[in-house]
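1. Kindly return the folded structure for what I paste below:
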Amino acid sequence: MGHARTDNGDQTTLSIDGTLDALSAPELRPTLDAVVAEERKSITVDVSNLRLIDSSGVGALVSLLKRVRAHGGEVRITGLKDQPLAIFKLLQLDRVFPGRPGS
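-> So this is what the prediction gives:
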């Protein structure tokens, strides 16, 4: 799993690629914690290059959503496709996170 963070004014974009699972989610947590600590209000998580996500990866993203919403922010997921899209639909998270599959 690789990830990158880009800040552009009030907008933060997190790009995640590869696999987000029980082994790799802990690598992402410090970045997610920093975004929350800085009270960033507009966060886009680009998963267009994410091949696989498991419950640990979903948990990390849901935790981000809850913590950002707690201080009035919003998290969008973009680029959902293949296995990650199937998981988001199965868990009905495509209804919870703003954004469109593949966008």
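
2. Quick check: nearest residue in space to His3, chain neighbours excluded?
-> Excluding the flanking residues, the one nearest His3 by Cβ to Cβ, 6 or more residues apart in numbering is Ile16, at 4.8 Å. Using the backbone N, CA and C atoms, a C-beta is placed for each residue, glycine as well.

3. contacts for the helix or strand harbouring the one you found?
-> With elements taken from DSSP states H and E, the one containing Ile16 is strand 11-20. The contact list for strand 11-20 (Cβ atoms under 8 Å, 6 or more residues apart in numbering) reads 1-7, 24, 28, 31-32, 35, 40, 42-47, 49-54, 56-57, 60.

4. just to revisit the earlier point, let me know the pLDDT of the residue nearest to His3.
-> For Ile16, the pLDDT comes out at 98.

5. rewinding a little: sort out for me which of the contacts of strand 11-20 are in helices.
-> In this view, these that belong to helices under DSSP state H are 28, 31-32, 35, 56-57, 60.

6. which SSE is Ile87 in?
-> Ile87 belongs to helix 82-90, assigned by DSSP H and E.

7. now the strand holding Ile16 against helix 82-90, angle please.
-> Orientation check (axes from the mean of the first three to the mean of the last three Cα atoms, to 10 degrees): strand 11-20 against helix 82-90 gives 110 degrees.

8. ok, now how distant is the residue lying closest to Thr31 once chain neighbours are set aside from Ser48?
-> The shortest distance from Thr31 to any non-neighbouring residue, by Cβ to Cβ, 6+ apart, is to Arg5 (5.6 Å). For Arg5, the distance to Ser48 (Cβ to Cβ, to the nearest Å) stands at 16 Å.
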